[in-house]
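> Following is a predicted model, sequence given first.
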Amino acid sequence: MPRYELSLILKMMQRPETAAALRRTVETLMERGAVVRDLENLGERLLPYKITKHNQRHTRGAYFLIDFYAAPNILTGLLDHLHRDVDVVRPTVLKNDSQVSSHRCCGTKARNQKTQKKC
């Protein structure tokens, strides 16, 4: 299963309502067969622009990142479900490529080196 990252902006709510919305989201992921790796709270921030969702205008939001593994065929249904949730202002799913290249690019200069190495 590929690894994905769900960037979630929730409307401003009290802590119990925010926890309930996150619980609903994570339970929805797990019901559809996803394996949740991590949930990160990025805090409350001003939105970059006003967003109108479910006939409400939002200027602030609570930002969260959910890291999970899932089959690609569940993403469309998941996003449909999240767009209908009245507490979710903006859901975005990105594929998380965890393969990072370990070799250095030719011709680059290391921070602590004064000479440039050639490949």
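That came through, no problem.

> so where do the strands sit in the protein?
Under the criterion DSSP state E, the chain contains strands at 3-11, 35-53, 56-69, 88-95.

> Let me know the angle separating the first one from strand 56-69.
Right, strand 3-11. 160 degrees (axes from the mean of the first three to the mean of the last three CA atoms, to 10 degrees).

> If we go by neighbour counts, what in strand 3-11 is buried?
Going by neighbour count (16 or more other CB atoms under 10 Å), the buried part of strand 3-11 is 4-6, 8-11. The way it works is simple: take the backbone N, C-alpha and C, and place the C-beta from them, glycine included.

> swap in the second one?
Of the residues in strand 35-53, those buried by neighbour count under the rule 16+ other CB under 10 Å are 36, 53.

> and Leu94, what does it touch?
Neighbouring residues of Leu94 by CB atoms under 8 Å, 6 or more residues apart in numbering: 4-5, 7.

> quick one: it from Asn55, how far?
28 Å (CB to CB, to the nearest Å).

> got it, and Glu40?
The spacing between Glu40 and Asn55, counted by CB to CB, is 30 Å.

> rewinding a little: indicate which one of the strands of the chain is closest to Ala20.
For these, proximity to Ala20 was assessed by CB to CB; strand 3-11 is nearest, at 10.4 Å.

> and the angle from the closest one to strand 88-95?
Using the same axes, to 10 degrees: strand 3-11 against strand 88-95 is 170 degrees.

> Tell me the strands beside strand 3-11, with direction?
Its sheet considered, strand 3-11 pairs with strand 56-69 (antiparallel), strand 88-95 (antiparallel) by DSSP bridges.

> quick one: which of those is nearest Thr76?
strand 88-95 (9.8 Å).

> Name the residues of that closest one that are buried.
88-91, 93.

> tell me the mean pLDDT for stretch 71-88?
For stretch 71-88, mean pLDDT rounds to 94.

> tell me how far that stretch is from the chain's mean position?
Counting by CA atoms, centre = their mean, to the nearest Å, stretch 71-88 is centred 13 Å from the centre of its parent chain.

> Good, we can wrap up now.
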